[in-house]
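# need a 3D model of the sequence below.
(one chain, ligands or ions: 1)
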Amino acid sequence: MLKLYNTLTNQIEEFKPLNPPNVGMYICGPTVYDYFHIGNARTFIMADIIRRYLEYKGNNVKFVMNLTDIDDKIIKKSIEEKIPASEVAKKYSDAFFEDIKRLRIKTATLYPKATEHIDEILRMIKNLIDNGAAYNVDGNVFYNVSSFKSYGKLSGKKIDELEVGARVEVMEEKQNPLDFALWKKSKEGEPFWKSEWGNGRPGWHIECSAMSCKHLGETFDIHAGGNDLIFPHHENEIAQSEAATKKPFVKYWLHFGFLNINKEKMSKSLGNFFTAREVLAKYSAEAIRLFFSQAHYRGPVDFTAELLDAAEKGLEKLKNLRATIDTAINKNKTGGTIPDFDFNSFENRFSAAMDEDFNSPQAVAVIFDFVKEVNRVIAEKENIHLDFYITVKKFLSKTAGDVLGIISFEEKELRKDSLLENELIKILIDIRLKVKNEKNFQLADEIRKKLDALGITLKDTKEGTDFFKRD
Ligand SMILES: [Zn+2]
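Numbering: from 1, shown residues only. Next comes the predicted model:
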(Lines give C-alpha, C1' and ligand atoms only; values in the text may rest on other atoms or scores of the structure.)
Protein backbone atom coordinates (compact mmCIF):
# COMPACT_ATOMS: atom_id res chain seq x y z
CA MET A 1 0.00 0.00 0.00
CA LEU A 2 1.48 3.31 -1.12
CA LYS A 3 1.30 6.20 1.29
CA LEU A 4 2.26 9.78 0.61
CA TYR A 5 2.40 13.10 2.36
CA ASN A 6 -0.31 15.46 1.15
CA THR A 7 0.52 19.16 1.63
CA LEU A 8 -3.21 19.94 1.47
CA THR A 9 -4.05 17.91 4.57
CA ASN A 10 -0.60 17.95 6.22
CA GLN A 11 -0.89 14.22 6.58
CA ILE A 12 0.47 10.97 5.31
CA GLU A 13 -2.38 9.42 3.34
CA GLU A 14 -3.04 6.22 1.50
CA PHE A 15 -2.78 6.78 -2.24
CA LYS A 16 -6.09 6.03 -3.91
CA PRO A 17 -6.24 7.30 -7.48
CA LEU A 18 -9.58 8.59 -8.77
CA ASN A 19 -9.71 6.13 -11.70
CA PRO A 20 -7.25 3.32 -11.06
CA PRO A 21 -5.05 2.20 -12.69
CA ASN A 22 -4.99 5.60 -14.37
CA VAL A 23 -3.16 8.36 -12.55
CA GLY A 24 -3.13 12.00 -13.61
CA MET A 25 -0.03 13.90 -12.49
CA TYR A 26 0.81 17.54 -13.17
CA ILE A 27 4.07 19.28 -12.38
CA CYS A 28 4.88 22.94 -12.83
CA GLY A 29 7.63 23.04 -15.41
CA PRO A 30 10.19 25.71 -16.27
CA THR A 31 9.78 29.29 -17.38
CA VAL A 32 11.92 29.10 -20.49
CA TYR A 33 14.01 32.28 -20.21
CA ASP A 34 17.30 30.65 -19.12
CA TYR A 35 18.97 27.29 -18.50
CA PHE A 36 17.41 25.60 -15.50
CA HIS A 37 19.46 25.35 -12.32
CA ILE A 38 20.41 22.35 -10.22
CA GLY A 39 17.59 23.07 -7.74
CA ASN A 40 15.07 22.74 -10.58
CA ALA A 41 16.88 19.59 -11.65
CA ARG A 42 16.20 18.11 -8.23
CA THR A 43 12.48 18.80 -8.57
CA PHE A 44 12.34 17.32 -12.08
CA ILE A 45 14.38 14.23 -11.12
CA MET A 46 12.39 13.49 -7.96
CA ALA A 47 9.08 13.95 -9.81
CA ASP A 48 10.45 11.58 -12.44
CA ILE A 49 11.31 8.96 -9.79
CA ILE A 50 7.83 9.27 -8.27
CA ARG A 51 6.23 8.86 -11.68
CA ARG A 52 8.45 5.85 -12.47
CA TYR A 53 7.55 4.25 -9.13
CA LEU A 54 3.83 4.73 -9.77
CA GLU A 55 4.39 2.94 -13.08
CA TYR A 56 6.39 0.20 -11.35
CA LYS A 57 3.29 -0.33 -9.17
CA GLY A 58 1.24 -0.93 -12.31
CA ASN A 59 -0.36 2.48 -12.68
CA ASN A 60 -0.87 4.07 -16.05
CA VAL A 61 0.47 7.57 -15.44
CA LYS A 62 -0.47 10.54 -17.58
CA PHE A 63 2.38 12.88 -16.72
CA VAL A 64 1.91 16.51 -17.73
CA MET A 65 4.58 19.20 -17.35
CA ASN A 66 3.89 22.72 -18.56
CA LEU A 67 6.31 25.14 -20.16
CA THR A 68 5.77 28.80 -19.34
CA ASP A 69 6.74 30.37 -22.64
CA ILE A 70 5.41 33.90 -22.11
CA ASP A 71 6.08 35.95 -18.99
CA ASP A 72 7.87 39.04 -17.65
CA LYS A 73 11.26 37.32 -17.44
CA ILE A 74 11.04 36.13 -21.05
CA ILE A 75 10.11 39.63 -22.22
CA LYS A 76 12.99 41.12 -20.21
CA LYS A 77 15.44 38.65 -21.78
CA SER A 78 14.10 39.37 -25.27
CA ILE A 79 14.87 43.06 -24.75
CA GLU A 80 18.37 42.24 -23.40
CA GLU A 81 19.18 39.82 -26.23
CA LYS A 82 17.35 41.92 -28.84
CA ILE A 83 15.40 38.93 -30.16
CA PRO A 84 11.63 38.29 -30.12
CA ALA A 85 10.18 36.74 -26.95
CA SER A 86 9.14 33.68 -28.98
CA GLU A 87 12.78 33.12 -29.95
CA VAL A 88 13.92 33.35 -26.32
CA ALA A 89 11.29 30.75 -25.44
CA LYS A 90 12.31 28.50 -28.32
CA LYS A 91 16.02 28.69 -27.47
CA TYR A 92 15.52 27.79 -23.81
CA SER A 93 12.84 25.17 -24.36
CA ASP A 94 15.21 23.39 -26.73
CA ALA A 95 17.89 23.61 -24.03
CA PHE A 96 15.40 22.34 -21.45
CA PHE A 97 14.60 19.25 -23.53
CA GLU A 98 18.30 18.56 -24.11
CA ASP A 99 19.08 18.81 -20.40
CA ILE A 100 16.23 16.64 -19.14
CA LYS A 101 17.15 14.00 -21.70
CA ARG A 102 20.73 14.03 -20.45
CA LEU A 103 19.44 13.72 -16.87
CA ARG A 104 17.60 10.58 -18.02
CA ILE A 105 14.23 12.05 -17.14
CA LYS A 106 11.47 10.12 -18.84
CA THR A 107 9.62 12.06 -21.49
CA ALA A 108 6.33 13.42 -20.17
CA THR A 109 3.06 12.39 -21.76
CA LEU A 110 2.56 16.05 -22.66
CA TYR A 111 4.44 19.33 -22.42
CA PRO A 112 1.70 21.93 -22.90
CA LYS A 113 2.79 25.51 -23.54
CA ALA A 114 1.01 28.62 -22.31
CA THR A 115 1.01 30.30 -25.73
CA GLU A 116 -0.70 27.26 -27.25
CA HIS A 117 -3.56 27.43 -24.72
CA ILE A 118 -4.66 31.04 -24.98
CA ASP A 119 -8.25 30.03 -25.91
CA GLU A 120 -8.57 27.78 -22.86
CA ILE A 121 -7.08 30.52 -20.67
CA LEU A 122 -9.49 33.15 -22.05
CA ARG A 123 -12.46 30.84 -21.50
CA MET A 124 -11.48 30.22 -17.89
CA ILE A 125 -10.99 33.94 -17.20
CA LYS A 126 -14.42 34.68 -18.74
CA ASN A 127 -15.93 31.97 -16.59
CA LEU A 128 -14.33 33.48 -13.46
CA ILE A 129 -15.66 36.96 -14.29
CA ASP A 130 -19.16 35.52 -14.88
CA ASN A 131 -18.94 33.72 -11.53
CA GLY A 132 -18.01 36.92 -9.72
CA ALA A 133 -14.53 35.61 -8.93
CA ALA A 134 -12.68 38.07 -11.17
CA TYR A 135 -12.98 41.66 -12.40
CA ASN A 136 -11.67 43.75 -15.23
CA VAL A 137 -10.06 47.13 -14.60
CA ASP A 138 -9.24 48.87 -17.84
CA GLY A 139 -7.88 45.78 -19.63
CA ASN A 140 -6.25 44.15 -16.59
CA VAL A 141 -8.25 41.28 -15.16
CA PHE A 142 -7.71 40.35 -11.50
CA TYR A 143 -8.81 37.41 -9.41
CA ASN A 144 -10.89 38.48 -6.43
CA VAL A 145 -9.27 36.56 -3.58
CA SER A 146 -11.93 37.46 -1.02
CA SER A 147 -14.54 35.72 -3.22
CA PHE A 148 -12.87 32.38 -2.54
CA LYS A 149 -13.71 31.41 1.01
CA SER A 150 -11.10 28.69 1.45
CA TYR A 151 -8.18 30.76 0.13
CA GLY A 152 -5.08 29.76 2.09
CA LYS A 153 -6.07 26.12 2.61
CA LEU A 154 -2.92 24.75 0.96
CA SER A 155 -0.33 27.05 2.50
CA GLY A 156 -2.13 27.41 5.82
CA LYS A 157 -1.98 31.19 5.46
CA LYS A 158 -4.86 33.35 6.63
CA ILE A 159 -6.29 36.03 4.36
CA ASP A 160 -6.35 38.80 6.97
CA GLU A 161 -2.71 38.16 7.98
CA LEU A 162 -1.66 38.12 4.35
CA GLU A 163 -3.46 41.39 3.67
CA VAL A 164 -1.45 43.17 6.35
CA GLY A 165 1.80 41.92 4.80
CA ALA A 166 0.73 42.74 1.28
CA ARG A 167 -0.34 46.29 1.95
CA VAL A 168 3.13 47.62 1.22
CA GLU A 169 2.77 46.84 -2.47
CA VAL A 170 -0.76 48.06 -3.05
CA MET A 171 -1.68 48.39 -6.66
CA GLU A 172 -4.20 51.13 -7.30
CA GLU A 173 -6.41 49.10 -9.63
CA LYS A 174 -6.74 46.11 -7.35
CA GLN A 175 -9.71 45.92 -5.01
CA ASN A 176 -7.60 43.98 -2.54
CA PRO A 177 -3.78 43.83 -2.33
CA LEU A 178 -3.90 40.00 -2.45
CA ASP A 179 -5.76 39.94 -5.76
CA PHE A 180 -3.59 38.70 -8.61
CA ALA A 181 -3.54 39.20 -12.37
CA LEU A 182 -5.26 36.73 -14.68
CA TRP A 183 -4.84 38.89 -17.78
CA LYS A 184 -2.24 41.63 -18.17
CA LYS A 185 -2.77 44.51 -20.53
CA SER A 186 0.15 44.60 -22.98
CA LYS A 187 2.55 47.49 -22.96
CA GLU A 188 3.95 49.08 -26.10
CA GLY A 189 6.12 46.62 -28.04
CA GLU A 190 5.22 43.58 -25.91
CA PRO A 191 3.79 40.40 -27.41
CA PHE A 192 0.01 40.23 -27.06
CA TRP A 193 -3.12 38.25 -27.82
CA LYS A 194 -6.55 39.70 -28.50
CA SER A 195 -9.27 39.38 -25.88
CA GLU A 196 -12.59 40.96 -25.08
CA TRP A 197 -10.78 43.02 -22.41
CA GLY A 198 -8.24 44.28 -24.91
CA ASN A 199 -4.80 43.17 -26.08
CA GLY A 200 -2.77 41.43 -23.44
CA ARG A 201 -1.23 38.22 -22.18
CA PRO A 202 -2.05 35.71 -19.45
CA GLY A 203 -0.81 36.04 -15.87
CA TRP A 204 1.39 33.18 -14.75
CA HIS A 205 -0.98 31.27 -12.42
CA ILE A 206 -3.92 30.90 -14.81
CA GLU A 207 -2.02 28.81 -17.36
CA CYS A 208 -1.58 25.89 -14.95
CA SER A 209 -5.29 25.87 -14.08
CA ALA A 210 -6.33 26.03 -17.74
CA MET A 211 -3.84 23.45 -19.02
CA SER A 212 -4.24 20.91 -16.22
CA CYS A 213 -8.03 21.11 -16.64
CA LYS A 214 -7.77 20.56 -20.38
CA HIS A 215 -5.34 17.64 -20.21
CA LEU A 216 -6.15 15.94 -16.89
CA GLY A 217 -9.74 16.95 -16.21
CA GLU A 218 -11.38 19.23 -13.64
CA THR A 219 -10.23 17.03 -10.75
CA PHE A 220 -7.06 14.98 -10.92
CA ASP A 221 -4.78 12.91 -8.69
CA ILE A 222 -1.37 14.52 -8.12
CA HIS A 223 -0.06 18.04 -8.48
CA ALA A 224 3.65 18.47 -7.73
CA GLY A 225 6.18 21.27 -7.63
CA GLY A 226 8.91 22.92 -5.60
CA ASN A 227 8.20 24.09 -2.05
CA ASP A 228 8.57 27.68 -3.18
CA LEU A 229 5.46 27.31 -5.36
CA ILE A 230 3.06 26.48 -2.51
CA PHE A 231 2.37 30.16 -2.01
CA PRO A 232 1.18 31.98 -3.95
CA HIS A 233 1.31 29.92 -7.16
CA HIS A 234 -0.41 26.70 -6.07
CA GLU A 235 -2.75 28.51 -3.71
CA ASN A 236 -3.85 30.65 -6.65
CA GLU A 237 -4.22 27.64 -8.93
CA ILE A 238 -6.65 26.12 -6.43
CA ALA A 239 -8.62 29.37 -6.14
CA GLN A 240 -8.90 29.74 -9.92
CA SER A 241 -9.75 26.12 -10.71
CA GLU A 242 -12.22 25.55 -7.91
CA ALA A 243 -14.04 28.83 -8.53
CA ALA A 244 -14.29 27.97 -12.23
CA THR A 245 -15.35 24.32 -11.96
CA LYS A 246 -16.97 24.23 -8.48
CA LYS A 247 -15.14 20.94 -7.98
CA PRO A 248 -12.11 19.93 -5.92
CA PHE A 249 -9.03 20.66 -8.03
CA VAL A 250 -6.40 18.15 -6.90
CA LYS A 251 -6.48 15.16 -4.57
CA TYR A 252 -2.79 14.99 -3.54
CA TRP A 253 -0.33 17.89 -3.44
CA LEU A 254 3.37 16.94 -3.39
CA HIS A 255 6.18 19.40 -2.76
CA PHE A 256 9.93 19.11 -3.07
CA GLY A 257 12.39 20.55 -0.55
CA PHE A 258 14.99 23.24 -1.13
CA LEU A 259 18.50 22.77 -2.37
CA ASN A 260 21.45 24.52 -0.71
CA ILE A 261 25.02 24.69 -1.92
CA ASN A 262 27.54 23.98 0.84
CA LYS A 263 24.86 24.91 3.39
CA GLU A 264 24.21 28.27 1.73
CA LYS A 265 21.26 29.34 -0.32
CA MET A 266 22.08 29.16 -4.02
CA SER A 267 22.13 32.60 -5.60
CA LYS A 268 23.79 34.34 -8.48
CA SER A 269 25.06 37.11 -6.19
CA LEU A 270 26.88 34.61 -3.94
CA GLY A 271 28.56 33.07 -6.97
CA ASN A 272 27.32 29.59 -6.05
CA PHE A 273 24.71 29.30 -8.77
CA PHE A 274 24.90 26.23 -11.01
CA THR A 275 22.85 25.31 -14.00
CA ALA A 276 22.05 21.64 -14.56
CA ARG A 277 24.24 21.64 -17.65
CA GLU A 278 27.21 22.98 -15.70
CA VAL A 279 26.87 20.13 -13.22
CA LEU A 280 26.37 17.64 -16.07
CA ALA A 281 29.71 18.74 -17.52
CA LYS A 282 31.42 17.42 -14.38
CA TYR A 283 29.25 14.54 -13.20
CA SER A 284 27.31 11.74 -14.81
CA ALA A 285 23.51 11.89 -14.86
CA GLU A 286 23.45 8.66 -12.86
CA ALA A 287 25.60 10.16 -10.10
CA ILE A 288 23.39 13.25 -9.95
CA ARG A 289 20.29 11.04 -9.74
CA LEU A 290 21.88 8.81 -7.10
CA PHE A 291 22.87 11.87 -5.06
CA PHE A 292 19.31 13.24 -5.14
CA SER A 293 17.80 9.80 -4.41
CA GLN A 294 19.87 9.64 -1.25
CA ALA A 295 17.84 12.48 0.28
CA HIS A 296 14.11 12.34 0.91
CA TYR A 297 12.23 14.43 -1.66
CA ARG A 298 10.48 16.58 0.95
CA GLY A 299 13.55 17.49 2.98
CA PRO A 300 16.27 19.97 2.15
CA VAL A 301 19.36 18.77 0.34
CA ASP A 302 22.89 20.10 0.60
CA PHE A 303 24.74 19.98 -2.68
CA THR A 304 28.53 19.64 -2.37
CA ALA A 305 31.28 18.41 -4.67
CA GLU A 306 32.31 15.83 -2.03
CA LEU A 307 28.85 14.27 -2.00
CA LEU A 308 28.71 14.17 -5.79
CA ASP A 309 32.15 12.51 -5.87
CA ALA A 310 30.91 9.99 -3.33
CA ALA A 311 27.85 9.26 -5.49
CA GLU A 312 30.08 8.74 -8.51
CA LYS A 313 32.17 6.32 -6.44
CA GLY A 314 29.11 4.49 -5.16
CA LEU A 315 27.97 3.96 -8.73
CA GLU A 316 31.21 2.12 -9.47
CA LYS A 317 29.94 -0.77 -7.35
CA LEU A 318 26.81 -1.01 -9.47
CA LYS A 319 28.72 -0.71 -12.72
CA ASN A 320 31.25 -3.35 -11.70
CA LEU A 321 28.46 -5.76 -10.93
CA ARG A 322 26.84 -4.92 -14.25
CA ALA A 323 30.10 -5.76 -16.01
CA THR A 324 30.25 -9.09 -14.15
CA ILE A 325 26.67 -9.86 -15.15
CA ASP A 326 27.33 -8.86 -18.77
CA THR A 327 30.38 -11.10 -18.95
CA ALA A 328 28.55 -14.08 -17.42
CA ILE A 329 25.54 -13.69 -19.67
CA ASN A 330 27.72 -13.21 -22.69
CA LYS A 331 29.64 -16.43 -22.03
CA ASN A 332 26.26 -18.16 -22.08
CA LYS A 333 27.70 -21.16 -20.29
CA THR A 334 25.31 -24.00 -19.52
CA GLY A 335 25.28 -25.94 -16.28
CA GLY A 336 26.30 -24.90 -12.79
CA THR A 337 24.24 -24.43 -9.68
CA ILE A 338 21.75 -21.77 -8.71
CA PRO A 339 22.72 -20.27 -5.35
CA ASP A 340 20.11 -19.98 -2.66
CA PHE A 341 19.23 -16.30 -2.83
CA ASP A 342 16.11 -14.53 -1.57
CA PHE A 343 15.35 -12.10 -4.39
CA ASN A 344 11.79 -11.61 -3.12
CA SER A 345 12.89 -10.22 0.19
CA PHE A 346 14.98 -7.54 -1.58
CA GLU A 347 12.11 -6.67 -3.88
CA ASN A 348 9.77 -6.44 -0.89
CA ARG A 349 12.18 -4.24 1.00
CA PHE A 350 12.57 -1.97 -2.00
CA SER A 351 8.84 -1.48 -2.49
CA ALA A 352 8.20 -1.18 1.26
CA ALA A 353 10.65 1.74 1.30
CA MET A 354 9.13 3.47 -1.71
CA ASP A 355 5.59 2.82 -0.44
CA GLU A 356 6.48 4.87 2.64
CA ASP A 357 6.11 8.31 1.04
CA PHE A 358 8.70 7.49 -1.64
CA ASN A 359 11.54 6.89 0.80
CA SER A 360 14.22 6.75 -1.88
CA PRO A 361 17.21 6.94 0.55
CA GLN A 362 15.96 3.69 2.07
CA ALA A 363 15.38 2.20 -1.38
CA VAL A 364 18.95 3.09 -2.38
CA ALA A 365 20.23 1.37 0.75
CA VAL A 366 18.34 -1.79 -0.24
CA ILE A 367 19.97 -1.73 -3.69
CA PHE A 368 23.47 -1.44 -2.23
CA ASP A 369 22.75 -4.20 0.29
CA PHE A 370 21.66 -6.31 -2.64
CA VAL A 371 24.88 -5.56 -4.58
CA LYS A 372 26.97 -6.47 -1.55
CA GLU A 373 25.10 -9.73 -1.02
CA VAL A 374 25.32 -10.74 -4.68
CA ASN A 375 29.06 -9.99 -4.72
CA ARG A 376 29.49 -12.16 -1.64
CA VAL A 377 27.69 -15.06 -3.30
CA ILE A 378 29.70 -14.69 -6.50
CA ALA A 379 32.97 -14.62 -4.56
CA GLU A 380 32.07 -17.70 -2.52
CA LYS A 381 30.47 -19.94 -5.10
CA GLU A 382 32.02 -21.42 -8.14
CA ASN A 383 30.24 -22.41 -11.30
CA ILE A 384 27.11 -20.36 -10.83
CA HIS A 385 24.21 -21.04 -13.17
CA LEU A 386 23.44 -18.41 -15.79
CA ASP A 387 19.89 -17.99 -14.49
CA PHE A 388 21.24 -16.47 -11.29
CA TYR A 389 22.91 -13.65 -13.24
CA ILE A 390 19.79 -13.14 -15.33
CA THR A 391 17.67 -12.73 -12.18
CA VAL A 392 20.22 -10.33 -10.66
CA LYS A 393 20.06 -8.26 -13.83
CA LYS A 394 16.25 -8.32 -13.81
CA PHE A 395 16.10 -7.06 -10.22
CA LEU A 396 18.59 -4.25 -10.77
CA SER A 397 17.04 -3.28 -14.06
CA LYS A 398 13.56 -2.98 -12.49
CA THR A 399 14.63 -1.07 -9.37
CA ALA A 400 17.90 0.82 -9.86
CA GLY A 401 17.24 1.08 -13.60
CA ASP A 402 13.53 1.63 -14.24
CA VAL A 403 12.59 3.37 -10.97
CA LEU A 404 15.66 5.30 -9.81
CA GLY A 405 17.35 5.66 -13.19
CA ILE A 406 20.82 5.31 -11.69
CA ILE A 407 21.99 2.57 -14.07
CA SER A 408 20.96 1.42 -17.50
CA PHE A 409 20.86 -2.09 -18.87
CA GLU A 410 19.70 -1.16 -22.32
CA GLU A 411 22.14 -1.90 -25.06
CA LYS A 412 22.38 -0.17 -28.35
CA GLU A 413 24.79 -0.82 -31.15
CA LEU A 414 26.78 2.25 -32.02
CA ARG A 415 25.19 4.24 -34.79
CA LYS A 416 26.52 3.39 -38.23
CA ASP A 417 27.24 7.02 -38.99
CA SER A 418 29.63 7.39 -36.04
CA LEU A 419 32.45 5.63 -37.86
CA LEU A 420 35.20 7.69 -36.27
CA GLU A 421 33.82 6.95 -32.82
CA ASN A 422 33.80 3.21 -33.61
CA GLU A 423 37.38 3.30 -34.84
CA LEU A 424 38.58 5.22 -31.77
CA ILE A 425 36.97 2.70 -29.47
CA LYS A 426 38.64 -0.14 -31.37
CA ILE A 427 42.02 1.53 -30.87
CA LEU A 428 41.36 1.73 -27.13
CA ILE A 429 40.29 -1.92 -27.07
CA ASP A 430 43.59 -2.89 -28.77
CA ILE A 431 45.61 -0.85 -26.29
CA ARG A 432 43.68 -2.39 -23.42
CA LEU A 433 44.47 -5.88 -24.73
CA LYS A 434 48.16 -5.02 -24.98
CA VAL A 435 48.40 -3.67 -21.43
CA LYS A 436 46.47 -6.71 -20.22
CA ASN A 437 49.00 -8.98 -21.89
CA GLU A 438 51.69 -7.02 -20.11
CA LYS A 439 49.80 -7.75 -16.90
CA ASN A 440 48.99 -4.09 -16.28
CA PHE A 441 45.48 -4.91 -15.13
CA GLN A 442 45.06 -1.62 -13.35
CA LEU A 443 45.42 0.38 -16.54
CA ALA A 444 43.27 -2.08 -18.47
CA ASP A 445 40.55 -1.64 -15.91
CA GLU A 446 40.91 2.12 -16.00
CA ILE A 447 40.33 2.11 -19.76
CA ARG A 448 37.19 0.02 -19.31
CA LYS A 449 35.87 2.26 -16.54
CA LYS A 450 36.51 5.46 -18.44
CA LEU A 451 34.73 4.16 -21.50
CA ASP A 452 31.91 2.99 -19.27
CA ALA A 453 31.54 6.51 -17.89
CA LEU A 454 31.01 7.65 -21.49
CA GLY A 455 28.24 5.07 -21.89
CA ILE A 456 30.40 2.57 -23.79
CA THR A 457 30.43 -0.90 -22.33
CA LEU A 458 33.13 -3.39 -23.22
CA LYS A 459 32.31 -7.06 -23.25
CA ASP A 460 35.08 -9.62 -23.16
CA THR A 461 34.19 -12.79 -25.00
CA LYS A 462 36.16 -15.77 -26.24
CA GLU A 463 36.26 -14.22 -29.69
CA GLY A 464 37.63 -10.91 -28.42
CA THR A 465 36.22 -7.71 -26.98
CA ASP A 466 32.91 -6.41 -28.17
CA PHE A 467 31.36 -3.06 -27.30
CA PHE A 468 27.92 -1.58 -26.80
CA LYS A 469 26.63 1.87 -26.27
CA ARG A 470 24.22 2.68 -23.53
CA ASP A 471 21.91 5.63 -23.89
ZN1 LIG B 1 2.00 25.82 -12.05
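# do I have it right that residue 368 meets residue 315?
No - counting by CB atoms under 8 Å, residue 315 is not a contact partner of residue 368; they are 10.4 Å apart. C-beta here means a position set from N, CA and C on the backbone, and glycine is covered the same way.
# those two - which one has more neighbours?
Taking neighbours as other CB atoms under 10 Å, residue 368 and residue 315 compare with residue 315 leading, 22 against 14.
# who touches that one in this structure?
284, 286-287, 290, 406-407 (CB atoms under 8 Å, 6 or more residues apart in numbering).
# looking at those residues, which is nearest residue 179?
Checking the contacts of residue 315 against residue 179 with CB to CB, the nearest one is residue 290 at 44.6 Å.
# circling back to that earlier point, of the contacts of residue 315, just the buried ones, PyMOL syntax please.
To isolate the buried ones among the contacts of residue 315 in PyMOL, judged by 16 or more other CB atoms under 10 Å, type:
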select buried, resi 284+286+287+290+406+407
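# mind checking which of the contacts of residue 315 land in helices?
In this view, these that belong to helices under DSSP state H are 286-287, 290.
# format those as TSV; extra columns: pLDDT.
Below are the ones in helices among the contacts of residue 315 laid out as TSV (pLDDT from 0 to 100):
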residue	pLDDT
286	95
287	96
290	98
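# among these, which are within reach of the ion?
Among those, no residue lies close to the ion (CB under 5 Å from the ion).
# any chance of a markdown table for the residues you listed, columns distance to residue 79?
Shown next, in a markdown table, are the ones in helices among the contacts of residue 315 (distance: CB to CB, whole Å):
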| residue | distance to residue 79 |
| --- | --- |
| 286 | 39 |
| 287 | 38 |
| 290 | 41 |
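# so which of these is the closest to residue 8?
residue 290 (30.6 Å).
# returning to what we had before: wait, which of the ones in helices among the contacts of residue 315 is closest to residue 175?
Distances from residue 175 to the ones in helices among the contacts of residue 315, taken by CB to CB, are shortest for residue 290, at 50.6 Å.
# residues touching the closest one, list them.
Counted by CB under 8 Å, 6+ apart, residue 290 has contacts 311, 314-315, 364, 404, 406.
# can you give me the end-to-end distance of stretch 143-154?
Using CA to CA, to the nearest Å, the end-to-end distance of stretch 143-154 comes to 17 Å.
# buried set for that stretch?
In stretch 143-154, counting by 16+ other CB under 10 Å, buried: 143-145, 147-148, 151-152, 154.
# same thing with stretch 382-394?
Those would be 384-386, 388-389, 392-393, for stretch 382-394 by 16+ other CB under 10 Å.
# among those residues, which lie within helices?
Short answer: these in helices (DSSP H) are 386, 388-389, 392-393.
# mind putting the buried residues of stretch 382-394 in TSV, distance to the ion and pLDDT included?
Output for these, formatted as TSV (distance: CB to the ion, whole Å; pLDDT from 0 to 100):
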residue	distance to the ion	pLDDT
384	51	94
385	52	94
386	50	93
388	47	96
389	45	95
392	41	97
393	39	96
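# just send those residues back as CSV, with distance to residue 277 too.
Output for those, formatted as CSV (distance: CB to CB, whole Å):
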residue, distance to residue 277
384, 42
385, 45
386, 41
388, 40
389, 37
392, 34
393, 32
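# residue 372: which of those is nearest?
For those, the nearest to residue 372 is residue 392 (12.4 Å; CB to CB).
# list the contacts of that closest one.
Contacts of residue 392 by CB under 8 Å, 6+ apart are 321, 325, 374.
# looking at the residues you listed, which is nearest residue 41?
residue 321 (26.7 Å).
# how close does that closest one sit to residue 468?
According to CB to CB, to the nearest Å, residue 321 and residue 468 sit 17 Å apart.
# what about the two, which has more around it?
Neighbour tally, residue 321 and residue 468, criterion other CB under 10 Å: the higher count belongs to residue 321, 22 against 15.
# look up how far the ion lies from residue 32.
Distance of residue 32 to the ion, given as CB to the ion, to the nearest Å: 14 Å.
# and the protein, which residues reach the ion?
28, 208.
# lowest-scoring secondary structure element of the chain by mean pLDDT?
Lowest on mean pLDDT, DSSP states H and E among the helices and strands of the chain sits helix 159-166, with a mean of 73.
# give me the contact list for the helix or strand just after that helix.
Using DSSP states H and E, the next helix or strand after helix 159-166 towards the C-terminus is strand 180-185. For strand 180-185, the external contacting residues (CB under 8 Å, 6+ apart) are 125, 128, 134, 136, 138-143, 145, 195, 197-203, 205-206, 232, 236, 240.
# put the buried members of these into a PyMOL selection.
Selection of buried members from these for PyMOL, criterion 16+ other CB under 10 Å:
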select buried, resi 125+128+134+136+140+141+142+143+145+195+197+200+201+202+203+205+206+232+236+240
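# show me the contacts of strand 180-185 that map onto helices.
Reading helices off the contacts of strand 180-185 with DSSP H, I get 125, 128, 205-206, 236, 240.
# run a quick neighbour tally on residue 157.
By other CB under 10 Å, neighbour count at residue 157 equals 17.
# isn't there a helix covering it?
No - counting by DSSP: H, G, I helix; E, B strand; the rest coil, one finds residue 157 to be coil, located in no helix.
# need the pLDDT of whichever residue of the stretch 51-200 of the chain sits closest to the ion.
For the stretch 51-200 of the chain and the ion, the shortest gap (CB to the ion) falls at residue 66, measuring 6.3 Å. Residue 66 is assigned a pLDDT of 97 by the prediction.
# returning to what we had before: pLDDT-wise, what's the bottom of the contacts of residue 392?
Confidence-wise, residue 325 trails the rest of those, at 90.
# measure that residue to the ion for me?
For residue 325, the distance to the ion - CB to the ion - is 42 Å.
# I'd say that residue and residue 394 touch.
No - the pair residue 325 / residue 394 is not scored as a contact, 10.1 Å apart, by CB under 8 Å.
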